[in-house]
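Enquirer: A structural model of the following input is requested.
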Amino acid sequence: MSKAHPDFEQLQASRPDFRHDAEVIVSKSPNPTWKQGDGANDGGESLKKDHVEIDPYADGRPVASNYKLLISGMVPRPISLISTQSADGKITNLAPFSYSQLVNHDPPLFVVGFVGSLERAKDTLKNLNDTKECVINIISEHFLEAANSTSINAPYGHSEWEVSGLTKGSTSVVKPARVKESILAIEGKLVEVKEFESRATPGKPSSVLAIIEGVRFWVREDAIDEEQTAIDLKVLKPISRLGGISYGRTTEVIEIPRPQF
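Expert: Numbering: from 1, shown residues only. All right, here's what the predicted structure looks like:
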C-alpha cells in the first residue's frame, strides 16, 4: 500500500471503472485558425501569472524535492520495461524505467537513466553492464498491473517474471527474453554507460546513463502496417508515467502539420 495513499483500496473503490472500450479520438487543435505570429492560444492569460524561481541545490532543499518536481512536470514519460539476464544466464530480471527515451533512428538509439552507481548497481544495470544486452518492452494497457508489479523491491536473484506472471518470448540477437504480451519490443545492445557525480554530495556517484542500440524490433502483427513503418495507436494503447504513483493513457490525439518557411 502506498504511503502517499494510505487508504488507496478505499479510494480505488470510489473511482469509475476502467474503460477498456475507450476510443482514440482525433480532435481539432486548440485554435484551428492560428496563424504565424499569433503566439499562445489562451488570449494572454498565461502572461498574467508569475513564476517561482527554484535553485535545485538551494540551502535546505532536499534532492528528493527535485525528483518529485521533475517527475510531476516532465510528463508524460515513456516507460521502458527492460528485461536482462546475468552473465551466467541463471538470473533473469524485469523492471520498468521512466527515465528513458528514443533519441535517434539511424542507428536506433535509446537512453535509460539509472539511479545509483556502477559499483553498487542494482539488478538491471548490473546485468546490462555485464552482458551488454537487454530487451526494451513498451507497456500497454492490457498488462499495466503486471508491469507495475515488476517495480517491487525484490532481492537480487529473485525474478520479477514470476511476480508479474508475464510470458517470456523468443529473441534473435540477444539472450534476454522479450515480454510476449508487449505490442512493441526492441532487442538492444549496450553502446556506452556514463556515470554522473552528485551535486548535492560531491564525490559520490548518483546516477548512470546507458545508451542502447536497437538491433531487432518485434511488433505484434495486428499493430503494424503493410510497409512496416507505422504502429497503430489504437492497438498499441501505450501507458505513460506521470508524477507520484500515477500513469497516463493516450486516448485523444491532435494533428498539426509542420510549417513550411
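Enquirer: would you map the helices across the protein?
Expert: Applying DSSP state H to the chain gives helices spanning 8-13, 63-73, 123-131, 144-149, 160-164, 233-236.
Enquirer: which of the ones you listed sits closest to Asp38?
Expert: Smallest distance to Asp38 across the helices of the chain (CB to CB): 25.5 Å, for helix 63-73. In short, each C-beta sits where N, CA and C put it, glycine included.
Enquirer: just the mean pLDDT for the closest one, thanks.
Expert: When pLDDT is averaged along helix 63-73, the result is 95.
Enquirer: give the buried residues for it.
Expert: Residues of helix 63-73 classed as buried by neighbour count (16 or more other CB atoms under 10 Å): Ile71.
Enquirer: what of stretch 85-105?
Expert: For stretch 85-105, the buried set under the neighbour-count rule, 16+ other CB under 10 Å, comprises Gln85, Ser86, Ile91, Thr92, Asn93, Leu94, Ala95, Pro96, Phe97, Ser98, Tyr99, Ser100.
Enquirer: on that earlier part again, I'd like to know which of the helices of the chain lies nearest to Gly113.
Expert: If you check each of those against Gly113 by CB to CB, helix 123-131 wins as the nearest, at 10.0 Å.
Enquirer: give me the helices and strands touching the closest one, please.
Expert: strand 80-85, strand 92-97, strand 133-138, strand 184-197, strand 205-219 (3 or more CB pairs under 8 Å, 6 or more residues apart in numbering; DSSP states H and E).
Enquirer: before we move on, back to that, right, so the helices of the chain: which one is the most enclosed?
Expert: Among the helices of the chain, ranked by average contacts under mean count of other CB atoms under 10 Å, first place goes to helix 123-131 (a mean of 21).
Enquirer: quick check: angle from that helix to strand 184-197?
Expert: Per axes from the mean of the first three to the mean of the last three CA atoms, to 10 degrees, the angle that helix 123-131 makes with strand 184-197 is 90 degrees.
Enquirer: any residues touching helix 123-131, and which ones?
Expert: With CB atoms under 8 Å, 6 or more residues apart in numbering as the test, helix 123-131 has contacts from 82, 84-87, 91, 93, 95, 97, 114, 116, 118, 121, 134, 156, 175-176, 190, 193, 208, 210, 212.
Enquirer: can you give me the mean pLDDT across stretch 139-153?
Expert: 96.
Enquirer: got it, and stretch 107-127?
Expert: Across stretch 107-127, pLDDT averages out at 95.
Enquirer: now swap in stretch 222-237 and tell me
Expert: Across stretch 222-237, pLDDT averages out at 96.
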